[in-house]
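Student: Provide a 3D model corresponding to the input given below.
(chains A and B)
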Amino acid sequence: MADMPLWEVFIRNQNGLHHKHVGSLHAADEKMALQNARDVYTRRKEGVSIWVVESRHVHASDPQDKAVWFEPADDKIYRHPTFYDLPDEVKNI
Amino acid sequence: MYSQGLNGPAEKNTDDSPEQLAAFQKRIDAEEKIEPRDWMPSGYRKTLIRQISQHAHSEVVGQLPEGNWVTRAPTLKRKLILLAKIQDEAGHGLYLYSAAETLGVSREQMIDDLLSGKAKYSSIFNYPTLTWADMGAIGWLVDGAAIMNQVPLCRCSYGPYSRAMIRVCKEESFHQRQGYEVMLKMANGSPEQRRMAQDALNRFWWPALMMFGPSDKDSIHSAQSMKWKIKRFSNDDLRQKFIDATVPQAHYLGLEIPDPELKFNEETGHWDHGEINWDEFYQVIAGNGPCNRERLAARRRAHEAGAWVREAVLASQQKHKQPREVA
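Tutor: Down below sits the predicted model:
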């Protein structure tokens, strides 16, 4: 018998925080995926909310293209506040 | 609980160019984590698939010796604790199967390999659980040995394995502490309970030491796994750490470790121990332990008996999907 579809599980630890990816599981449908995620990933009060997304719906950047995607940020240090030299006498900035 | 897959040989690299391998090693040496879609040597991938899946199988099969005592737990509290622990083991199996799947092996394939006997699981689960004290000894010694092994795995170079191990280690501490508490109760109970506690220690001590795998002098395979930072300590180093931690705990219980040669070495600061019966270890690995056949038969029976549930779930999903798509 073939595997059931794979789902990615995201848990919100407490209100005010992002849902965070915690792992994956197999389930026939979204209801089963949510129930299994509750049992597998929140046995010790790790969450107050669960998202499940079927893995095939996740589109990802290719690690091979890491340089193309992310290197352009490397030489733009002027985007960071520490780039700017201000005299010590100037406060609250 | 524990992966004895760590003790197998690292797989060979096939078709990988020396440049690719060197670039990969550079990342490992810089303590970078490797993630699922990153390039990795075929040997690294195969080694991890074997180790993680065997680790997952160990968690799943590890439920069986404890399941033996659920209906006979001495109190409702102990029954609830035991059920929670067994549920954790199932959860650990799932975290690990998921981590292995990120390397491109299917869940179905891994289960097939376990049921066909192709894949191994930890030798410790091929020993029977004869009395309630065994639930204490397993938590204290078996989960204790597992923790020694698994804590360094939290720093494994493969991201998904490392993250799974962090979750497992957080939960494992409860397993060990509840086991030691069972031992405490029994060791301080009636003479009969005390005798059972000593008997459980006698039977599980040596198999627990064997969980760390062959002695370093007979384990020629770890160099590559160490280089890839899958494994970080040698079998004997981890075994010694476990013995040093556990001997004082046994003394606190007033129980005797079944090793006449066990002696504290003032010079090294470690406990020296007697020779492990490696014949027994290799016999159990080869499938001839006291419960090997029983464990596999139980897994096969569960898989076959559950087939109708898996089919029904998929059929129900198909049935409910259709009207939605029409609408």
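
Student: anything in stretch A:11-20 sitting right up against chain B?
Tutor: No - Stretch A:11-20 lies out of reach of chain B by Cβ under 8 Å from any Cβ of the partner chain, never closer than 11.4 Å. All C-beta atoms are positioned from the backbone trio N, CA, C, and that covers glycine.

Student: And that stretch, what's buried?
Tutor: A:11-13 (16 or more other Cβ atoms under 10 Å in any protein chain shown).

Student: Let me have these in CSV, extended by distance to B:Phe242 and secondary structure.
Tutor: Shown next, in CSV, are the buried residues of stretch A:11-20 (distance: Cβ to Cβ, whole Å; DSSP: H, G, I helix; E, B strand; the rest coil):
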residue, distance to B:Phe242, secondary structure
A:Ile11, 33, strand
A:Arg12, 38, strand
A:Asn13, 33, coil
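
Student: Out of those residues, which is nearest to chain B?
Tutor: A:Ile11 (11.6 Å; Cβ to the nearest Cβ).

Student: Please name the spatially closest residue to the closest one (chain neighbours excluded).
Tutor: A:Gly47 (3.9 Å; Cβ to Cβ, 6 or more residues apart in numbering or on different chains).

Student: what about that neighbour, is that helix, strand or coil?
Tutor: For A:Gly47, the assignment made with DSSP: H, G, I helix; E, B strand; the rest coil gives coil.

Student: what number of residues lie near it?
Tutor: Residues contacting A:Gly47 under the criterion other Cβ atoms under 10 Å in any protein chain shown number 20.

Student: same thing with A:Pro72?
Tutor: 9.

Student: Surely it is within a helix?
Tutor: Yes - counting by three-state DSSP, A:Pro72 is found in a helix.

Student: Up against chain B, what does chain A have?
Tutor: Residues of chain A lying near chain B (Cβ under 8 Å from any Cβ): A:1-4, A:6, A:23-26, A:28-29, A:32, A:39-40, A:43-44, A:60, A:62-64.

Student: From the residues you listed, list the buried ones, please.
Tutor: A:4, A:6, A:23-26, A:28-29, A:32, A:40.

Student: and these, which of them are in strands?
Tutor: A:6, A:23-26 (DSSP state E).

Student: Taking the residues you listed together, which two end up most distant?
Tutor: A:Gly23 and A:His26 (11.6 Å; Cβ to Cβ).

Student: if we can go back for a sec, so which of the buried ones among the residues of chain A next to chain B is the closest to B:Ala250?
Tutor: When these are compared against B:Ala250 (criterion: Cβ to Cβ), the nearest one is A:Val40, at 34.7 Å.

Student: which residues touch the helix or strand of chain A with the lowest mean pLDDT?
Tutor: Of all helical and strand segments in chain A, the minimum by mean pLDDT, DSSP states H and E falls on helix A:66-70, at a mean of 91. Helix A:66-70 is contacted by residues A:Ser61 when judged by Cβ atoms under 8 Å, 6 or more residues apart in numbering or on different chains.

Student: Off-centre distance for it?
Tutor: Here helix A:66-70 shows a centroid-to-chain-centroid distance of 19 Å under the convention Cα atoms, centre = their mean, to the nearest Å.

Student: Skip ahead from the helix or strand containing B:Ala297 and say which helix or strand is next.
Tutor: B:Ala297 belongs to helix B:292-305 when elements are defined using DSSP states H and E. Sequence-wise, the next helix or strand downstream of helix B:292-305 (DSSP H and E) is helix B:307-326.

Student: Give me the contact list for stretch B:180-197.
Tutor: For stretch B:180-197, using Cβ under 8 Å, 6+ apart, the contacting residues are B:78, B:131-133, B:135-137, B:139-140, B:200-201, B:249, B:253-255.

Student: wait, what's in contact with the residue of chain A found nearest chain B?
Tutor: Residue nearest to chain B within chain A: A:Ala28 (4.1 Å; Cβ to the nearest Cβ). Contact partners of A:Ala28, counting by Cβ under 8 Å, 6+ apart, are A:4-5, B:313-314, B:316-317.

Student: For it, give its distance to B:Gln318.
Tutor: For A:Ala28, the distance to B:Gln318 (Cβ to Cβ, to the nearest Å) stands at 9 Å.

Student: do the same with B:Ala302
Tutor: Taken as Cβ to Cβ, the span from B:Ala302 to B:Gln318 is 25 Å.

Student: What of B:Gln283?
Tutor: B:Gln283 is 48 Å from B:Gln318, by Cβ to Cβ.

Student: what about these two, which has more around it?
Tutor: For B:Gln283 versus B:Gln318, the count of surrounding residues by other Cβ under 10 Å is larger for B:Gln283: 16 against 11.
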